[in-house]
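Chemist: I need the structure of the sequence given here:
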Amino acid sequence: MFFEEIDPVRLANRFRRASLAAATGLCALSLAACGQSEEDPQPDPAPAASETDKAPETETSEAKESTESSAPATSTAESASESATDVSEPADSSAAKSSQAAGDEKLEESVAQVYEIFASLAPRSLFAQFDSCDDVGMRDSYNCTGAEIGSIQFYKSSSQAAQATQVLTGLRNGHVVKDEGDILVGWSTLGTDTILSVVDNDKGLVMKQLAPSDVEEPEELLEEMGVL
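Modeler: Numbers count the residues shown, from 1 in each chain. Reported below is the predicted structural model:
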């Protein structure tokens, strides 16, 4: 058997070519792997904003619960206010009806006739205290009496009105308590007597009452008559 003599140089070149081919194949595999990695990127992770998106729902839920919890208190307050109004209305209504009933009290026929003439001097409530009114003999002059109010004289006369005004405003014994231009309210003294007077100069009307001798505050009597 014969063995071919191996040339060392050729053997080295052959080994170099084999190594180069192996290296070239390995590089090709690496490039293919890199290209696949770039072509097929991994999906991004879920955005963190999802937690933020849940926040409005939580806040809305809390706001809703707060509104629902406060609703009963508001409803209770409204019910209490309505109840208070319902309670106060009957009281106000009763007072109004009572006042209206007093003002609408039917007057005795003769008193009603005098009231139609002298209504500008005193309120209807004063005339309601009279039991009757009588003609005193002079034209348009009347004397009205009542169990509690006593006796009061009424005159329809321009001269009587002028005289009464002069007594109240021009004499030392006259005292004007209320002056509304055409209407004067006051009192005067004649000896030991005190005379309460109401005058309407525009219509020429006079109302006079002789006060009790023991009266100390004539103004209080005028106030009780409702002319102040």
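Chemist: output the below-cut-off pLDDT ranges for the chain.
Modeler: Scanning the chain for pLDDT under 70 picks out 1-104.
Chemist: now residue 161: how far from residue 179?
Modeler: Going from residue 161 to residue 179 by CB to CB, to the nearest Å gives 14 Å. C-beta coordinates here come from the backbone N, C-alpha and C atoms, glycine included.
Chemist: looking at these two, which is more packed in?
Modeler: Taking other CB atoms under 10 Å, residue 161 and residue 179 do not tie; residue 161 has more neighbours (21 against 12).
Chemist: next SSE after the helix or strand where that one lies?
Modeler: Taking DSSP states H and E as the criterion, residue 161 maps to helix 158-170. Downstream of helix 158-170, the next assigned helix or strand under DSSP H and E is strand 174-179.
Chemist: so what strands line up beside that following strand?
Modeler: Strand pairing for strand 174-179, using DSSP bridges, gives strand 183-190 (antiparallel).
Chemist: list of residues touching the strand it pairs with?
Modeler: 120-121, 164-165, 167-169, 171, 173-179, 194-201, 211, 218-219, 222, 227-228 (CB atoms under 8 Å, 6 or more residues apart in numbering).
Chemist: and the strands in the chain?
Modeler: 132-135, 141-146, 150-156, 174-179, 183-190, 193-200, 205-211 (DSSP state E).
Chemist: turn those strands into a markdown table, columns for distance to residue 126.
Modeler: Below are the strands of the chain laid out as a markdown table (distance: least, CB to CB, whole Å):
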| stretch | distance to residue 126 |
| --- | --- |
| strand 132-135 | 12 |
| strand 141-146 | 9 |
| strand 150-156 | 8 |
| strand 174-179 | 15 |
| strand 183-190 | 13 |
| strand 193-200 | 10 |
| strand 205-211 | 9 |
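Chemist: out of these, flag the one nearest residue 125.
Modeler: strand 141-146 (11.7 Å; CB to CB).
Chemist: so which elements touch that closest one?
Modeler: Of the remaining helices and strands, those touching strand 141-146 by 3 or more CB pairs under 8 Å, 6 or more residues apart in numbering; DSSP states H and E are helix 109-118, strand 132-135, strand 150-156.
Chemist: touching the helix holding residue 161 from outside, list them.
Modeler: By CB under 8 Å, 6+ apart, helix 158-170 touches 155, 173-176, 184, 186-188, 197, 199-201, 204-206, 208.
Chemist: stretch 119-127 too?
Modeler: Outside stretch 119-127, the residues that reach it (CB under 8 Å, 6+ apart) are 102-103, 105, 107, 111-112, 114-115, 144, 149, 154, 183, 198, 200, 203, 205-207, 225-227.
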